[in-house]
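A.B. asks: sequence and predicted model, in that order:
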Amino acid sequence: MPTSDKVWQYLRGVTLYGPLLAEKDRLAQRYRFFHWPIEFTDVMVRGGFDLIVGNPPWEKTTPDAKEFFATYNPEVRFMSPEDHEAAYSRLMGTPPRAPASW
């Protein structure tokens, strides 16, 4: 497994163990790593970026109450929608404890 130390040695021109380089190439191909200091060396030498603007996610994660509460009481999964609210209120009033699946 390539470590940061090996990466820095490689960047300084030290010859590394051949299979390590092959593994590095395999992993880089598979995961398409992006390393800010290597990609933007000139900017990093001057102190880095002042601001990085990213593209917000297109989808939002919404909580699923049934899935959450079923962790604490598996019977919630099989209740009717009308019974869910009462069960949620009951579970919210009980002290926190480890989920039933633990």
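C.D. replies: Nice, thanks for sending it over.
A.B. asks: and T61, which of the three is it?
C.D. replies: Under DSSP: H, G, I helix; E, B strand; the rest coil, T61 falls in the coil class.
A.B. asks: list the contacts for G47?
C.D. replies: Residues counted as contacts of G47 (Cβ atoms under 8 Å, 6 or more residues apart in numbering): none. To be clear about C-beta, it is placed using only N, CA and C from the backbone, and glycine gets the same treatment.
A.B. asks: tell me the SS of it?
C.D. replies: Quick answer, by three-state DSSP: G47 is coil.
A.B. asks: what's it sitting at in phi/psi?
C.D. replies: With angles defined as degrees, to the nearest 10, G47 sits at phi 110, psi -10.
A.B. asks: can I get stretch 61-73 in CSV? Just the C-alpha atoms.
C.D. replies: Output in CSV follows, covering the C-alpha atoms of stretch 61-73 (Å, rounded to 0.1, in the frame of the first residue of the first chain):
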residue,chain,number,x,y,z
THR,A,61,-31.5,13.1,1.4
THR,A,62,-34.8,13.0,3.2
PRO,A,63,-35.2,11.2,6.5
ASP,A,64,-37.4,8.1,6.6
ALA,A,65,-39.1,8.1,10.0
LYS,A,66,-40.3,4.5,9.7
GLU,A,67,-36.8,3.2,9.0
PHE,A,68,-35.3,5.3,11.8
PHE,A,69,-37.9,4.3,14.5
ALA,A,70,-37.8,0.6,13.4
THR,A,71,-34.2,0.5,14.6
TYR,A,72,-35.6,1.0,18.1
ASN,A,73,-38.8,-0.9,17.7
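A.B. asks: let's number from 4 now, not from 1
C.D. replies: Noted, 4 is the first residue going forward, which turns the last one into stretch 64-76.
A.B. asks: buried sites along that stretch?
C.D. replies: By neighbour count with 16 or more other Cβ atoms under 10 Å, stretch 64-76 contains the buried residues 72-73, 75-76.
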